[in-house]
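[1] Below are the sequence and a predicted model for it; my questions follow.
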Amino acid sequence: MTDTPLKLFNSLTRQLEEFQPIHEGEARVYSCGPTVYNYQHIGNMRAYIFADTLGRVLQWKGYKLTHVINVTDVGHLTSDADEGEDKMEKMAARENKSAWDIAKFYQEDFERDLARLNVQPKQHPRATEYVEAMIAWGERIAEKHCYELDSGLYFDVSTVADYGRLARAVTDDGEGRIDTVEGKRNQADFAIWRKTPAGETRQMEWDSPWGKGAPGWHLECSVMGEALLGFPFDIHTGGIDHREIHHPNEIAQNQAYCCTNGLDDARNSGARIWMHNNFLVERSGKMSKSAGEFLRLQLLVDKGYHPLAYRLMCQQAHYRSELEFSWEGLQAALTRLKRMVTIVERLRQSVSVEPMLRAAKRDRNSFMEGLNPSIRELVDDFENFVSDDLSTPPALVALERAINVAGAGTAWSGDALFAAIYMNEVLGLSLATLTRTDLRIRPKDAQLTEAEIEAELQRRKEARAAKDFATSDAIRDSLAAKGVEVMDGDPLGWEWRL
Ligand code: AMP
Ligand code: ZN
């Protein structure tokens, strides 16, 4: 365990708090996962890059991490506030497939994206695997906290103390909520179980004491969190939108289930710390899944951007700040990553940091004492930054300083390279393995292959050597017309880019 205390912003108290594990030496984290009715957009992926960075910081600090990202394959309606149609059933009807096939397809795509973004493997329980447990949960809280209507079993939010504290919501006027379910006692009341309307069949439905139907969306996270991590667990994460409805409802269910009182003691909420990442925004609305083509990781790759450039782009902003997406911003992140990789890849050929990493993991403190003092200071700076509510923007600067020292070829280059790779364990940018060639991704619509470009450039070199500038310029122009920019004198040593 390292010495710098880890401070995290708890949305429940709106304060920075020191992380104190509930189970000695362990960190248990639950992150709300995707609804697998469609591809994930890169805004969704920001939520998991944030959660993964949190997990890596906890591991780096020596905690044994258990991390769950659930998969919602039933129950999420088109509005978070329990209105509209089930997202899965709606997509299944549109694509003329079964809801189960839709879920499988998009879960696999999601997991591929996680891997491409270097999100470490986590547990991905599916809601449909926990329906029985959800029914049992409903039975346990029904009498004291719920009431039945024709459309389902509803949770009465007035039966728990401090409902909505996480959102700082005014509940009596139902702020921000649509209320079309007749008979609800409070506007914020939400479904624990939604009955299949008489005369209809749903693809996904189960028998329950309240009739055939499907669980409400909020219930799954309470149930899976408790089943896999035990109450209270350490940290619950999600996007900032969940701070308003989904998480207050989860908390209310947890209070009801555990028979706990108010939220002055955060542990009564089911978790000790609730963390929320801010949104990735895009001006032209390309993030909205309902608006035709939207921004997916695959689109970035199709345009020639390595997924880790997007991971770096996210880390260039603090997770609690809104981040505006732009192609220029992504290009800048890619260039920054290339700069790091160019130096690190060269040094990796002569220095092996593996033994140092192993030694650091065995006994961090004595290993650090053996490092050159200026490098140790850089690692300490890095640790202070990430311990300050995951401040990745200055942490990246510390990483670059280590890389620059490593590249400068001093006597302590090896120490500096180790420091960079060690910091990379938190940032997850693959600096121990990534190559410049990996970063050179051919856009889908590129007209030339790499070999063709290299051959043209060789011809251009020969023309220049023979002082035949007309031919050399013609080759340059013809490449430009095919979308290849020749980069003479580029400090990174890249001769061309698409
Ligand atoms: P959903 O599949 O809609 O439940 O969203 C999955 C996760 O992505 C949740 O944690 C959301 O809060 C989060 N999220 C949704 N949109 C964005 C966005 N534009 N930027 C960052 N996170 C988002
Ligand atoms: Zn959730």
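    Noted; the coordinates are in hand. Ligands and ions are numbered 1, 2, ... in the order given.
[2] only C-alpha atoms for contact and neighbour calcs from this point on.
    Noted.
[3] Measure how buried the nearest residue to G75 once chain neighbours are set aside is and give me the count.
    Spatially, and ignoring its direct neighbours in sequence, G75 is nearest to W217 (4.6 Å; Cα to Cα, 6 or more residues apart in numbering). Residues lying near W217 (other Cα atoms under 10 Å) number 28.
[4] Repeat that for R339.
    R339 is flanked by 18 other residues according to other Cα under 10 Å.
[5] again with the one 5 residues further on
    V344: 24 surrounding residues under other Cα under 10 Å.
[6] secondary structure element for it?
    Element membership for V344, per DSSP states H and E: helix 327-348.
[7] Name the residues of that helix that are buried.
    The neighbour-count check on helix 327-348 (16 or more other Cα atoms under 10 Å) flags 330-331, 333-334, 337-345, 347-348 as buried.
[8] Run through who's touching that helix.
    By Cα atoms under 8 Å, 6 or more residues apart in numbering, the residues outside helix 327-348 that reach it are 305-306, 309-310, 312-313, 400, 403-404, 406-407, 417, 431-436, 439, 492.
[9] In contact with the residue in the stretch 101-250 of the chain that ligand 2 sits nearest to, which residues?
    The minimum distance from the stretch 101-250 of the chain to ligand 2, using Cα to the ion, falls at C221 (4.6 Å). Residues near C221 by Cα under 8 Å, 6+ apart: 32, 70, 250.
[10] next one: R311
    Contact analysis of R311 by Cα under 8 Å, 6+ apart lists 46, 49, 117, 429.
[11] Just the pLDDT for it.
    You'll see R311 listed with a pLDDT of 98.
[12] which SS class is it?
    Assigned with DSSP: H, G, I helix; E, B strand; the rest coil, R311 falls in the helix class.
[13] repeat for S350
    coil.
[14] residues near it, how many?
    Counted with other Cα under 10 Å, S350 comes out at 9.
[15] so what's it scoring on pLDDT?
    88.
[16] now swap in the one 5 residues further on and tell me
    Confidence at P355, expressed as pLDDT, is 87.
[17] Am I right that it sits in a helix?
    Yes: under three-state DSSP, P355 sits within a helix.
[18] Distance check, it against F367.
    P355 is 11 Å from F367, where distance means Cα to Cα, to the nearest Å.
[19] Repeat that for G409.
    For G409, the distance to F367 - Cα to Cα - is 22 Å.
[20] ok so, going back, so how do I select the buried members of the contacts of R311 in ChimeraX?
    The ChimeraX selection below is limited to those of these classed as buried (16+ other Cα under 10 Å):
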select :46,49,117,429
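[21] The contacts of R311: which ones sit near ligand 1?
    R46 (Cα under 6 Å from any ligand atom).
[22] List buried residues within the contacts of helix 327-348.
    Buried among the contacts of helix 327-348 (16+ other Cα under 10 Å): 305-306, 309-310, 312-313, 400, 403-404, 406-407, 417, 431-432, 434-436, 439.
[23] hmm, back to that, can the contacts of R311 go into JSON lines with extra columns for pLDDT?
    Shown next, in JSON lines, are the contacts of R311 (pLDDT from 0 to 100):
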{"residue": "R46", "pLDDT": "98"}
{"residue": "I49", "pLDDT": "98"}
{"residue": "L117", "pLDDT": "98"}
{"residue": "L429", "pLDDT": "98"}
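[24] Would you reformat the contacts of R311 as a markdown table and include distance to A359 and secondary structure?
    Shown next, in a markdown table, are the contacts of R311 (distance: Cα to Cα, whole Å; DSSP: H, G, I helix; E, B strand; the rest coil):
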| residue | distance to A359 | secondary structure |
| --- | --- | --- |
| R46 | 33 | helix |
| I49 | 28 | helix |
| L117 | 27 | coil |
| L429 | 21 | coil |
